[in-house]
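Undergrad: Could you look at this predicted model? Sequence included:
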Amino acid sequence: MIYRQNRFAQEKQAEFSAALLAAYLDRPYSFHLNHNSAVLLNKIVTATPLLFLGALLPFLELTLELLRSSARSRCCSPPTSGRRSAPR
């Protein structure tokens, strides 16, 4: 399960990085004159993994753990008969 979570997060990170690079490349020439290319590349190479592996992956882990605990509580809880026992 961990393999699939990591793979999903890394695939989304790669897609986002490619989209961000494409967005930078589509900007007009004047944009590139006014922005340091090293800073732009740093956002793609450094900030994107921090976002996805530091935020998306923990969110996925939390969500899956909540789903697992919810499924465990449903499958393992004793059935209720619907009748209440009389107080003594």
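TA: Good, I have the coordinates.

Undergrad: Grab the nearest non-local neighbour of the one residue sitting closest to the centre of the chain.
TA: With distances taken as C-alpha atoms, centre = their mean, residue 56 lies nearest the centre of the chain, 2.3 Å away. Excluding the flanking residues, the one nearest residue 56 by C-beta to C-beta, 6 or more residues apart in numbering is residue 9, at 5.2 Å. The way it works is simple: take the backbone N, C-alpha and C, and place the C-beta from them, glycine included.

Undergrad: thought that neighbour was touching residue 51?
TA: No - Residue 9 lies out of contact with residue 51 (C-beta atoms under 8 Å); the separation is 10.1 Å.

Undergrad: Give the buried residues for the helix or strand hosting residue 16.
TA: Assigned by DSSP states H and E, residue 16 belongs to helix 2-26. Neighbour counts over helix 2-26 (16 or more other C-beta atoms under 10 Å) mark 5, 9, 12, 13, 16, 17, 21, 24 as buried.

Undergrad: Next SSE downstream of it?
TA: Counting by DSSP H and E, what follows helix 2-26 is helix 29-34.
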